[in-house]
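Peer 1: starting from these lines, generate the structure:
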Amino acid sequence: MDATPALSRTTLATMLTQNLESSLQELASLPDEKRRCPLKPSRANPDIIWTPCDHLAHLIGIERYFNRQIEQALAENPSAAPARQANAPTRPREEAMAAVHALNDQWILKHRDKSFDELVAMARETRTETLAWLERTSDAQLELTLPVPWGLATLAEIFALHVRHTEMHLGFIRSGLTAVA
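Peer 2: The predicted structure follows:
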């Protein structure tokens with residue numbers, strides 16, 4: 001997936017914990033009207049304009065999706081020896097990502113009625129689950145590869161992805177709020 005150097009379980013856990021708390025602090029510092037301010041059109045449907053709360057809901061949904069993927073992979077092969085898989089997605093990347101973007105919109109619309117506090121509780125619950133999966137995953141399993149919409153990724157890369165993904169969406173929120181200010 002990427003050239004990120006191998007990260008220890010402790011480093012991954014620290015990154016995941018600090019990332020969530022700093023992100024939630026940043027979003028909590030915004031007035032509620034800013035958290036609900038339309039910022040960025042959806043990639044799938046430009047009529048759907050994402051808000052900061054939508055970005056948070058999206059991050060939760062993606063993290064839950066990957067937790068289910070990890071759970072399934074480890075249930076199928078609990079002693080998982082690292083192995084490259086030949087079953088990366090067969091559809092073109094653009095087609096796969098278009099499907100992902102459409103599912104993202106479904107997810108955020110389903111959770112748009114949630115309060116910020118409810119989203120924060122969901123984010124913390126999801127991150128607790130992610131950290132539990134990280135703890136249950138052996139060092140060898142961290143190198144297990146899974147198919148992802150854009151190719152293949154190791155479990156370690158998927159855990160680290162949550163941090164980078166959150167930072168990317170916080171960047172969208174920051175630039176969107178600057179543009180509407």
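
Peer 1: just for the chain, where's the confidence low?
Peer 2: In the predicted model, the chain carries pLDDT under 70 at residues 1-5, 77-93.

Peer 1: all helices for it, in order.
Peer 2: For the chain, the helices defined by DSSP state H cover 9-28, 32-35, 52-76, 93-111, 116-136, 139-142, 155-180.

Peer 1: mind putting those into TSV with mean neighbour count?
Peer 2: Just so you know, the C-beta spots here come from the backbone N, C-alpha and C atoms, and that holds for glycine as well. Output for the helices of the chain, formatted as TSV (neighbours: other C-beta atoms under 10 Å):
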stretch	mean neighbour count
helix 9-28	15
helix 32-35	14
helix 52-76	19
helix 93-111	15
helix 116-136	16
helix 139-142	16
helix 155-180	17
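
Peer 1: of all those helices, which one is nearest residue 44?
Peer 2: helix 93-111 (3.9 Å; C-beta to C-beta).

Peer 1: can you list contacts of that closest one?
Peer 2: 42-45, 48, 50, 54, 57-58, 60-62, 89, 119, 122, 149-151 (C-beta atoms under 8 Å, 6 or more residues apart in numbering).

Peer 1: at 10 Å what do you get?
Peer 2: By C-beta atoms under 10 Å, 6 or more residues apart in numbering, the surrounding residues in contact with helix 93-111 are 42-45, 47-48, 50-51, 53-58, 60-62, 64-65, 89-92, 118-119, 122, 147-151.

Peer 1: repeat that for stretch 112-132.
Peer 2: Applying C-beta under 10 Å, 6+ apart, the contact partners of stretch 112-132 are 12-13, 16-17, 19-21, 23-24, 27-28, 30, 32, 35-36, 48, 51-54, 56-57, 59-64, 66-68, 70-71, 111, 158-159, 162, 166.

Peer 1: residue 180 against residue 174, yeah?
Peer 2: No. The pair residue 180 / residue 174 is not scored as a contact, 11.3 Å apart, by C-beta atoms under 10 Å.

Peer 1: so what sits against both of the two?
Peer 2: Contacts common to residue 180 and residue 174, judged by C-beta under 10 Å, 6+ apart, are residue 39.

Peer 1: ok, now how distant is residue 66 from residue 153?
Peer 2: Separation of residue 66 from residue 153 (C-beta to C-beta, to the nearest Å): 9 Å.

Peer 1: give me the common contacts of these two.
Peer 2: Common neighbours of residue 66 and residue 153 (C-beta under 10 Å, 6+ apart) are 146, 159, 161.
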